[in-house]
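Trainee: give the three-dimensional model of this entry:
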Amino acid sequence: MGGIGAVAEPLVVVALLIGGTWINRDFNPGRRRPINLRRISDKNVKGRLGTRDYDGVLEEDLEARTMSPSLLVAQEPKWRTRRLGIGGRETYVTTPNTRRFKGYVLSRLLERFPFLVECWYWALIYWVYQLGRAATAVWIVEGTVHVARKHALEVIAAEERLHIFWELSIQKFFMQNQFIMIWIKRTYSFIHIPGSIAFLIFLFYYTNTRNRLDEAQLDKDFGETKGSPAGPRLYESRRRTMAFCNLLAFIIFTAWPCMPPRLLSADTSQGETGKLARRYGFVDTVHGPGGEGSIWTDNRFTKKFVAMPSLHFGYSLLIGLTVATIPLNRAHASTTSMVLPLMNRSHPSLAPKITIPSWRRLLCVAVGFFYPALILVAILATANHFILDAVAGSIVCAAAWYGNDVLLNLLVVEDWFLWVVRIHKPESYAVEAEEGDERFVMKVVCKMRMSG
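Mentor: Numbering: from 1, shown residues only. The predicted model follows:
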């Protein structure tokens with residue numbers, strides 16, 4: 001299985017990326033992509049100029065500006081303003097405006113296949129993370145092994161004090177059924193990366209590609225979302241969350257290496273510490289004889305002491321929570337209600353009622369619960385992580401979920417990189433009005449009122 005996996009796994013990932021690029025292709029590149037005017041109207045444009053002709057004529061002018069590459073190059077400013085912020089402090093810097101390159105060949109290719117940008121992001125995040133792990137793996141010294149073992153034993157001691165040291169019982173339970181254990185091993189080895197990519201493809205389609213369909217949505221601005229009640233900002237936030245998870249995890253396991261349970265039994269060191277590590281009797285079901293090792297984990301540059309935190313579980317929790325809470329079309333909302341039993345029997349019409357979720361929401365919740373539960377069983381039954389590793393993965397996921405906006409500061413670097421290679425990255429349909437856009441809107445609206 002390992003030989004087949006060495007070829008099949010990269011092919012699956014490549015097939016997913018190619019399929020995601022094709023599924024999310026743009027059938028009509030270059031059409032009008034409306035600017036979200038909500039922030040502008042909340043500031044000063046609407047207050048000073050009123051709302052007359054705001055939607056109709058302005059959108060026509062924006063369409064003409066976007067549809068004409070020659071006009072676009074002539075009207076686009078050379079610079080744009082980016083906000084840098086962290087810890088409540090913010091400042092503004094000037095970066096190149098790459099919209100002048102919209103007519104270039106590569107820019108038009110990306111507009112036709114916008115998911116290529118996501119492939120680039122995924123490859124960049126993945127390889128930066130893997131190269132970091134490889135570097136730390138090469139730099140491992142004998143002292144690191146002892147420290148990692150010591151930390152693993154400290155985790156076990158902490159779980160024993162909390163009465164949650166269940167890993168051995170869980171592994172023994174599943175090892176009684178070899179058929180189930182085989183699929184658990186395959187789940188651990190082969191689902192993490194392809195599953196994460198498949199999730200990004202689905203979320204991009206749901207939040208970006210479906211917004212091109214003419215499906216009305218309630219309480220949404222035009223350009224904020226069409227066809228899907230979830231806008232592109234949801235996708236971008238989850239993508240940043242995954243990247244931030246990688247960064248936080250890399251910092252933690254570099255500063256605090258921890259040996260996974262499966263390596264404790266392989267410890268050959270002498271002394272009481274080595275004897276204690278081997279005494280637990282964890283079985284390496286993935287990398288040992290008859291294992292289902294993955295090309296992503298079975299290579300000489302993979303750092304072995306990265307049990308804490310568990311990114312397998314952190315990613316799965318992120319995916320599960322996103323699927324379970326993803327906005328659904330209000331047209332598909334459940335209208336079925338049920339009267340609570342034994343409540344206000346004398347006046348049934350006044351009895352409290354509960355609304356039963358629609359089958360779509362129930363399916364989302366079921367998938368959102370099942371996926372992280374499956375990954376949790378896999379990481380414990382294969383002895384690749386402790387329970388507290390999963391807890392740490394949850395904390396990292398939560399921190400990245402709420403703090404991923406810090407990665408927006410890297411847009412400054414991206415602007416300069418795209419300017420050097422002369423490429424304009426396609427914009428999502430939900431484009432926040434930037435300072436340059438606001439000046440353009442002010443100019444257009446003033447011109448319309450003066451001519452009217």
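
Trainee: let me know whether residue 106 touches residue 423 as I believe.
Mentor: Yes. Residue 106 lies in contact with residue 423 (Cβ atoms under 8 Å); the separation is 5.0 Å. Where you see a C-beta, it was placed from the backbone N, CA and C, and this is true even at glycine.

Trainee: what about these two, which has more around it?
Mentor: residue 423 (18 against 14; other Cβ atoms under 10 Å).

Trainee: ok, the more buried one touching residue 104?
Mentor: Yes. When contacts are counted by Cβ under 8 Å, residue 423 is listed as touching residue 104 (6.8 Å).

Trainee: nearest residue to residue 361 other than its sequence neighbours?
Mentor: residue 328 (6.2 Å; Cβ to Cβ, 6 or more residues apart in numbering).

Trainee: ok but the one you found is inside a strand, no?
Mentor: No. Assessed with DSSP: H, G, I helix; E, B strand; the rest coil, residue 328 is coil; it does not lie in a strand.

Trainee: look up how far residue 22 lies from it.
Mentor: Counting by Cβ to Cβ, to the nearest Å, the separation of residue 328 from residue 22 is 26 Å.

Trainee: near residue 165, how many other residues are there?
Mentor: Residue 165 has 18 nearby residues by other Cβ under 10 Å.

Trainee: what does residue 269 give?
Mentor: 13.

Trainee: my read: it touches residue 148, true?
Mentor: No. If you go by Cβ under 8 Å, residue 269 and residue 148 don't touch, sitting 11.5 Å apart.

Trainee: any low-confidence regions in the stretch 1-150 of the chain?
Mentor: 1-7, 27-74, 133-143 (pLDDT under 70).

Trainee: now the strands for it?
Mentor: 35-36, 79-86, 89-96 (DSSP state E, counting those that start in this stretch).

Trainee: nearest to residue 168 among those strands would be which one?
Mentor: The closest of these to residue 168 is strand 79-86. By Cβ to Cβ, the value is 43.2 Å.

Trainee: adjacent strands (with direction) for the closest one?
Mentor: strand 89-96 (antiparallel) (DSSP bridges).

Trainee: hang on, the earlier thing: looking at residue 328 and residue 22, which is more packed in?
Mentor: Legend: neighbour count by other Cβ under 10 Å for residue 328 and residue 22, higher for residue 328 (17 against 10).

Trainee: is that one in contact with residue 362, as I believe?
Mentor: No. Using Cβ under 8 Å as the test, residue 328 is too far from residue 362 to be in contact (11.0 Å).

Trainee: for the stretch 251-400 of the chain, give me the ranges with low pLDDT.
Mentor: 267-268, 288-303, 331-332, 334-335, 338-351.

Trainee: now with 90, please.
Mentor: The model of the stretch 251-400 of the chain has pLDDT under 90 over residues 251, 253-255, 257, 263-307, 327-361.

Trainee: ranges for the strands of it?
Mentor: Under DSSP E, counting those that start in this stretch, the stretch 251-400 of the chain gives strands at 337-339, 353-355.

Trainee: just give me the neighbour total for residue 160.
Mentor: Around residue 160 there are 10 residues (other Cβ under 10 Å).

Trainee: in the stretch 201-350 of the chain, which spans are helices?
Mentor: Taking DSSP state H, counting those that start in this stretch, the helices of the stretch 201-350 of the chain run over residues 232-255, 261-264, 272-279, 311-325.
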